[in-house]
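Chemist: Structure for the following, please:
(one chain, ligands or ions: 2)
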Amino acid sequence: MRLGFLRRRDSNESSFFMKICCIGAGYVGGPTMAMIAFKAPDISVTVVDLNEKRIAAWNSETLPIYEPGLDEVVKTARGRNLFFSTDVKGAIAAADIIFVSVNTPTKTYGVGAGRAADLRYIESVARTIAEVATSPKIIVEKSTIPVRTATTIQEILAAHPRAAKCQVLSNPEFLAEGTAVADLTNPDRVLIGGERTPEGEAAIEALVAVYARWVPRERIITTNLWSSELSKLVANAFLAQRISSINAISALCEATEADVDEVANAIGKDSRIGPKFLKASVGFGGSCFQKDVLNLTYLCEHFGLPEVAAYWESVIKINDWQKRRFAANIVKALYNTVADKRIAVLGFAFKKDTNDTRETAAISVCRDLLTEQANVVVYDPKVPAHEIVADVLGKGAPANPRLTVAASALEACAGAHAIAIVTEWDEFKTLDYAAIFAGMPKPAFIFDGRNILNLAQLRAIGFRASGIGK
Ligand code: UDX
Ligand code: ADP
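Modeler: Numbering: from 1, shown residues only. Ligands and ions are numbered 1, 2, ... in the order given. Below you'll find the predicted structure:
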């Protein structure tokens, strides 16, 4: 088989060594492709999306996602060898390697609703590639997908009379939002799965060569397709499980006067456990953990493993419980009623240094407080007000006068009966809490859902201060 990606291009054809196209200009596709373009000036990288607004933003001064350090990377490569376009078919036709980085949300309808991944976007992309790809290409699954999705893509390609023979690889992305640039610059590992055939091995090597421009070769792991697809789900499930484990223990700490940070520090010193991802919190959020664990449980059930499914499902159950427990503790501490009380919610993004709100614990906390008739005032440094309102109340829902968005933390806290820290933004660590306390009705409460504040100092000011697992 003659693969276009293995041949160096003629100078009259293109000055680039290789052409990459990425379908999907989201939180994964955008930063990942920007990094490849940044590190490999001789590779042309075109990121395409059906969403015209998103592409326009990638081509503007204000990128559609907030990610520290990303502006510099994009500005260096954009127009040189990094392009953003809505011409999906044109970019596919021209590419040697096609990354598929579209969304794979949890299904909301039909069989597997609430658990299985919705593969409609993956299938639609596969059909477009089958229609347009008349020369051999490497197709790379970048989106997180259920194990064996590559078969679907292969079958759709094989069924198309004109489609060229393409190789499908799995190359899951492990970057975390908020630290995407650092994660992409210096990844713990790059995982590439492919068919163990000569053509598959050649495709794997072509992709290895792209990452090897800046990632040490020993950190680039190659596996068979299914191990790679499954490893992404399992990595996220293990990470989510660690947070649910420490969050479960946080409740026990509160009941026993142990301190969850001290416990985490003590167990984390064991090199077999390790210190990372042991931060108790109001609950994990983000587009990956819940979706991927649910997807894993669905797969386990599908393959006749209900016990395994139940085990992983408990990770989600504890997380839901932790979010609700945080709101319930606020109500309980405020004498079992927050009706008509002003509650300042500081932070709305699912973690600091991102404007992403998907599955953020803040949605659950705000909803529970609104159900209790509180007046909720949210402040987040990066999430726009209209998005906060739409996330809490639902898109297009009528406004609720009890939910407002403040332009600063100080504005949110002024006159509040209680403050709830929901996202660990650095600016919340250095607020003038003495001045804030002076402007609050007494007793003044503060609930630190991220354990970022010094509770002893807050108590010295006069706050009734509590953290998670404290
Ligand atoms: C995660 C994985 O880390 C990443 O490898 C994968 O590619 C995508 O999913 P992300 O969701 O972007 O990344 O962020 P992450 O840093 O993992 O945080 C997820 C959630 O867990 C956040 O809400 C965070 O606040 C919470 N968290 C994380 C904790 O509550 N405690 C911790 O110790 C760590
Ligand atoms: P992630 O966090 O995984 O990057 P996002 O939802 O941020 O997910 O981004 C996925 C992107 O994929 C969206 O911008 C969406 O418009 C785009 N997309 C979905 N289907 C297609 C398609 N068939 N062709 C092009 N782009 C698509």
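Chemist: Report the contact partners of the one residue in the chain that gets nearest to ligand 2.
Modeler: Here the residue of the chain nearest ligand 2 is residue 26; by CB to the nearest ligand atom that distance is 2.0 Å. (Each C-beta comes from the backbone N, C-alpha and C, glycine too.) By CB atoms under 8 Å, 6 or more residues apart in numbering, the contact list for residue 26 reads 49, 54, 65, 101-103.
Chemist: got a pLDDT number for it?
Modeler: Residue 26 carries a pLDDT score of 95 in this model.
Chemist: before we move on, what about residue 102?
Modeler: At residue 102, the model reports a pLDDT of 96.
Chemist: Let me know the secondary structure of it.
Modeler: coil (DSSP: H, G, I helix; E, B strand; the rest coil).
Chemist: ok, now how distant is it from residue 167?
Modeler: Look at residue 102 and residue 167: by CB to CB, to the nearest Å, they are 19 Å apart.
Chemist: hang on, the earlier thing: of the contacts of residue 26, which is the most crowded?
Modeler: Most neighbours among the contacts of residue 26, by other CB atoms under 10 Å: residue 101, with 26 neighbours.
Chemist: Might one say that it is in contact with residue 27?
Modeler: No - Residue 101 lies out of contact with residue 27 (CB atoms under 8 Å); the separation is 9.3 Å.
Chemist: for the helix or strand bottoming out on mean pLDDT in the chain, which positions count as buried?
Modeler: Here the helix or strand of the chain ranked lowest by mean pLDDT, DSSP states H and E is helix 149-159, holding a mean of 92. Residues of helix 149-159 classed as buried: 149-150, 152-154, 156-157 (neighbour count, 16 or more other CB atoms under 10 Å).
Chemist: contacting residues for the nearest residue to residue 327 once chain neighbours are set aside?
Modeler: With CB to CB, 6 or more residues apart in numbering as the criterion, residue 327 has its nearest non-adjacent residue at 3.6 Å, and that residue is residue 368. Taking CB under 8 Å, 6+ apart as the contact definition, residue 368 lies against 324, 327-328, 331.
Chemist: near ligand 2, which of those residues show up?
Modeler: Filtering those for neighbours of ligand 2 using CB under 6 Å from any ligand atom leaves an empty set.
Chemist: List the ones among those that fall in helices.
Modeler: Cross-referencing the contacts of residue 368 against helices under DSSP state H gives 324, 327-328, 331.
Chemist: would residue 128 count as being in a helix?
Modeler: Yes - membership of residue 128 in a helix is supported by three-state DSSP.
Chemist: residues touching it, list them.
Modeler: 23, 88-89, 92.
Chemist: okay, it: pLDDT?
Modeler: Predicted confidence (pLDDT) at residue 128: the value is 96.
Chemist: mean confidence score for the helix or strand containing residue 246?
Modeler: Per DSSP states H and E: residue 246 is located in helix 225-256. What helix 225-256 shows for mean pLDDT is 97.
Chemist: Quickly check: it near ligand 1 or not.
Modeler: Yes - where contact is defined by CB under 6 Å from any ligand atom, part of helix 225-256 touches ligand 1, namely 236, 239, 243.
Chemist: ok, so of these, who is nearest residue 58?
Modeler: Comparing these against residue 58 with CB to CB picks out residue 236 as the nearest, at 25.9 Å.
Chemist: what's the nearest residue to that closest one if we skip its chain neighbours?
Modeler: Nearest residue to residue 236, sequence neighbours excluded (CB to CB, 6+ apart): residue 292, at 4.1 Å.
Chemist: Next up, the contacts around that neighbour.
Modeler: 144, 232-233, 236-237, 240.
Chemist: can you redo these as CSV with neighbour count?
Modeler: Below are those laid out as CSV (neighbours: other CB atoms under 10 Å):
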residue, neighbour count
144, 23
232, 23
233, 23
236, 22
237, 20
240, 24
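Chemist: Hmm, residue 248 is touching residue 318, no?
Modeler: Yes - Residue 248 lies in contact with residue 318 (CB under 8 Å); the separation is 5.2 Å.
Chemist: which stretches of this structure aren't confidently modelled?
Modeler: Applying pLDDT under 70 to the chain picks out residues 1-13.
Chemist: residues from it in reach of ligand 2?
Modeler: So far as CB under 6 Å from any ligand atom goes, the chain lies against ligand 2 at 23-29, 48-51, 54, 88, 101-103, 121, 124-125, 143, 287.
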